[in-house]
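In: I would like the atomic coordinates for the input below:
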Amino acid sequence: MTRPLSLHPDRLFSSDPVQRDIARALYAEVGTLPIVSPHGHVDPAWFATNAPWTDATSLLLQPDHYVFRMLYSQGIDLDTLAIPHRDGVPDTDPRAAWRAFAERYHLFRGTPSQLWLDHVFAEVFGFEVALDASTADRYYDTIGERLASDAFRPRALFEQFRIDFLATTEGAHDDLAHHRAIRGSGWQGRVVTTYRPDGVIDVEHEAFADAMERFAALTGEDVHSWSGYLAAHAKRRTAFRDLGATATDHGHASAATANLSTAECEALFARIVGGTWSPDDAELFRAQMLTEMAKMSVADGMVMQIHPGSYRNHNARLFATHGRDKGADIPVQAEFVRALKPMLDVVGNELGLTIILFTLDEDTYTRELAPLAGHYPCLRLGPAWWFHDSPEGMRRFREMTTETAGFYNTVGFNDDTRAFLSIPARHDVARRIDCAFLARLVAEHRLADWEAADLAHELTSGLVRRAYRV
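Out: Numbering: from 1, shown residues only. Sure, this is the predicted structure:
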């Protein structure tokens, strides 16, 4: 027996009728505003080639670690789901992989993944019956038919989704060929890159040596000398800005920063490139490079994002077979007050600098992040991120930061996703949660209705455009 699929118009609003009515009115003003997506991991090749996607599995299942990590936790082997190995995609029938997912779709009840996917199924593909084992083939065939049409090519969906700005993320050693192709195609969609130099900063990364070779080739600099290495970063940042980049991104294990002398930097760097480094050296080098990147941002105006606090690739066996980004990254305890002080001693009072802080450790919101952002002119708080990109996570973020940092020391929402079709769904959830939060403040007479209306627009569009200089 098939079950209906429908999206309730009041989803995520309060059950209290007063608050619900206020939230409805606020959402009516912002629900259809254009999407600004300033940080994510969508593949730019999709927009460079505008080639059609082939099937539901490669589009919706393979890129989305939120989905396959849940299935893996229930004992489903990643080969069953056609998730790529280090050396290629397993010989799994994509339809069979989709069936395995559909048979277990009930596992996602109550999770943000269900909210996002149901939005995609209903709003993008027009399904009116829920996904389960009995409808798996109907979904697979219908999605395949839709994807074969011009209306479902990447650029057409970009426009259909009302995306005004989309930032992808590339490494310092990436040649940016896809972004150049987008620029040269004449298409008006605004897809830009973001400078992520981790590959040539984290000496503990298994591909560090290869990344450094490409870094040298792209810049023509002696990247094995401290001065040449910094010059190479400056050149690559310029190349990224030439292709529209407004921001950098740094996914270090911790928020540690350092403020070493030039002589100390040269000695540390000699150990890094000479292969005589220790784990403490690796952490100190990452820490110093956050400060160096902040100084470069003062000079060139790029917004700096710091995403610390994840134990990457926790599952050693899965890392050996499938590589990175396979759902095995786990949040760890974070610390910011002492960690950021060396960098803030250098740049903390720069009025032209914006540093956006993210965390996977919610305990730091009230104790550390909101007070820091509520003081330093350069600091802003990024939205609830990754494991906390959820209705409850977003509510907690607003509750734990607003009274200390206010709304205007935050930067709106970003989706941080590889799953392109989920972008409208993720932004819709954020808009609804913000409207519900504002509605409560109005109902409690803590905000006037006109203030809430202003804030709804700011949280949806104004703050993100100003923070990321869109």
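In: pLDDT averaged over the helix or strand harbouring Glu392 - what is it?
Out: Per DSSP states H and E, Glu392 falls inside helix 391-405. If you average the pLDDT over helix 391-405, you get 98.
In: by contact count, what packs against it?
Out: helix 370-373, helix 423-443 (3 or more Cβ pairs under 8 Å, 6 or more residues apart in numbering; DSSP states H and E). From N, CA and C alone the C-beta is placed, and that goes for glycine too.
In: what do you get if the cut-off is 10 Å, keeping everything else the same?
Out: Counting contacts by 3 or more Cβ pairs under 10 Å, 6 or more residues apart in numbering; DSSP states H and E, helix 391-405 packs against helix 112-119, helix 370-373, strand 379-381, helix 423-443.
In: so how far is the shortest one from its chain's centroid?
Out: Spelled out, that is strand 379-381. 16 Å (Cα atoms, centre = their mean, to the nearest Å).
In: determine the set of other helices and strands touching that strand.
Out: Using 3+ Cβ pairs under 10 Å, 6+ apart: strand 379-381 touches strand 303-306, strand 355-357, helix 370-373, helix 391-405, helix 463-467.
In: which one of those lies nearest to Asp10?
Out: Among the helices and strands packed on strand 379-381, helix 391-405 comes nearest to Asp10, with 13.3 Å by Cβ to Cβ.
In: any idea of the angle the closest one forms with helix 423-443?
Out: 50 degrees (axes from the mean of the first three to the mean of the last three Cα atoms, to 10 degrees).
In: what comes up buried for helix 391-405?
Out: Within helix 391-405, the residues that count as buried by 16 or more other Cβ atoms under 10 Å are 391, 393-398, 400-401, 404-405.
In: for stretch 263-282, same thing?
Out: Those would be 265, 268-269, 271-273, 277, 281-282, for stretch 263-282 by 16+ other Cβ under 10 Å.
In: thinking again about what came up before, identify the farthest-apart pair in the buried residues of helix 391-405.
Out: Maximum pairwise distance among the buried residues of helix 391-405 (Cβ to Cβ): 22.2 Å, between Pro391 and Thr404.
In: now do the helix or strand hosting Leu71: which elements does it pack against?
Out: Assigned by DSSP H and E, Leu71 belongs to helix 65-73. Applying 3+ Cβ pairs under 10 Å, 6+ apart, we find helix 65-73 packed against helix 94-103, helix 112-119.
In: what's the angle from it to helix 94-103?
Out: Using the same axes, to 10 degrees: helix 65-73 against helix 94-103 is 80 degrees.
In: just to revisit the earlier point, quick one: which of the helices and strands packed on helix 391-405 is nearest Phe387?
Out: helix 112-119 (9.8 Å).
In: report the buried residues of that closest one.
Out: Under the neighbour-count criterion of 16+ other Cβ under 10 Å, helix 112-119 has 112-113, 115-119 buried.
In: quick one: those as TSV, columns for distance to Ala51 and pLDDT too.
Out: Below are these laid out as TSV (distance: Cβ to Cβ, whole Å; pLDDT from 0 to 100):
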residue	distance to Ala51	pLDDT
Pro112	29	97
Ser113	26	97
Leu115	29	97
Trp116	24	97
Leu117	23	98
Asp118	27	98
His119	25	98
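In: just put these in TSV and tack on distance to Ile355.
Out: As requested, those are exported to TSV (distance: Cβ to Cβ, whole Å):
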residue	distance to Ile355
Pro112	27
Ser113	30
Leu115	31
Trp116	29
Leu117	34
Asp118	36
His119	32
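In: that older thread, for the buried residues of stretch 263-282, which one is nearest Ile163?
Out: Nearest to Ile163 among the buried residues of stretch 263-282, with distances taken as Cβ to Cβ, is Ala282, at 37.8 Å.
In: ok, the nearest residue to Ser310 once chain neighbours are set aside to Gly251 distance?
Out: Among residues not flanking Ser310 along the chain, Asp329 sits closest, at 4.7 Å (Cβ to Cβ, 6 or more residues apart in numbering). Distance, Asp329 to Gly251, by Cβ to Cβ, to the nearest Å: 10 Å.
In: and those two? Which one has more around it.
Out: Set side by side, Asp329 and Gly251 show more neighbours around Asp329, with 20 against 17, by other Cβ atoms under 10 Å.
In: that one touches His314, doesn't it?
Out: Yes. Using Cβ atoms under 10 Å, Asp329 is in contact with His314, at 6.8 Å.
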